[in-house]
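[1] model the structure of this input:
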Amino acid sequence: MSAVLGHIHFWLYKKIRLVIEREQLIYEEAQKAVGDLADELHFVALDLYGKPIPADRNLQMIIDHNNIHGWLQNQIEIATVREANFIKDLLDCAGSEVEDAILTAFVTQGAACGKVAAEELGSGEHRPQEIYQIMQNYYLNGMPCDGGDTVLADTDTEFSWEGSHANQKANWAKAGVDQTFMMAAYQAWFHGFISAADPHFKFAVELIDGEFPQYKIVHA
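    Okay, the predicted model is just below:
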């Protein structure tokens, strides 16, 4: 007997779709910067990892109902590794010519998601934790069972977490992409999202003693 899909499965698949949409944004921005080279490199990524599932496909019809967890986990890996592989090839072949294009795609999508989140949050004052929590509806951070970020502070004026990217780095490694650049790209996404979700807050990065930076949501 096949398993029944629940809200969490649709929630997670929506976030996978956002990675796929961001890859398309990167492609479009890279085309502006390097033209046909972006076409060639994106074709390589699609050839290696397969074309994305069309956006109009009903999840009920395409998921493996006998292995829901495994199917979703596989889709996370495909989407994130393909995006990272495309970014790696762009950086390897075009370098600084395409860096701004990639970062623009990340911040553009982050801001677009943040605008939608702003409507969900509604008017009034918000705590920084609320901004972080609603961000989890858009930010693909592994499977729910993978565990979330390590929270460092949660007060009325600041929410901070460890910028380890623990649930992304394995897939970045599979793609062989520069992990420092990927961290900068995700930071650009956070900047765009948080500023759009509530302009009273901003994203900040603090370098602290230790292995990872500290990410913060603080009052602007």
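[2] compute the first-to-last residue distance for stretch 47-57.
    One end of stretch 47-57 to the other measures 21 Å (CA to CA, to the nearest Å).
[3] centre of the chain to that stretch, how far?
    Here stretch 47-57 is found 17 Å from its chain centre; the criterion is CA atoms, centre = their mean, to the nearest Å.
[4] so residue 164 versus residue 220, what's the distance?
    25 Å (CB to CB, to the nearest Å). Where you see a C-beta, it was placed from the backbone N, CA and C, and this is true even at glycine.
[5] neighbour-wise, which of these two wins?
    Relative neighbour count places residue 164 above the other of residue 164 and residue 220, with 16 against 11, counting by other CB atoms under 10 Å.
[6] who's in contact with that one?
    By CB atoms under 8 Å, 6 or more residues apart in numbering, residue 164 lies in contact with 149, 150, 211, 212.
[7] at 7 Å instead, please
    Remark: with contacts taken as CB atoms under 7 Å, 6 or more residues apart in numbering, residue 164 is in contact with 150, 212.
[8] and residue 75, by the same measure?
    Each residue near residue 75 by CB under 7 Å, 6+ apart is listed here: residue 16.
[9] and the host helix or strand of residue 104, what does it pack against?
    Here residue 104, judged by DSSP states H and E, is contained in helix 96-121. Secondary-structure packing of helix 96-121 (3 or more CB pairs under 7 Å, 6 or more residues apart in numbering; DSSP states H and E): helix 7-34, helix 68-94, helix 128-135, helix 179-197.
[10] with distance to residue 204 added, can I get those helices in CSV?
    Listed next are these as CSV, based on distance: least, CB to CB, whole Å:
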stretch, distance to residue 204
helix 7-34, 22
helix 68-94, 24
helix 128-135, 11
helix 179-197, 9
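[11] now for those, which one comes closest to residue 118?
    With CB to CB as the measure, helix 179-197 is the member of these nearest residue 118 (5.1 Å).
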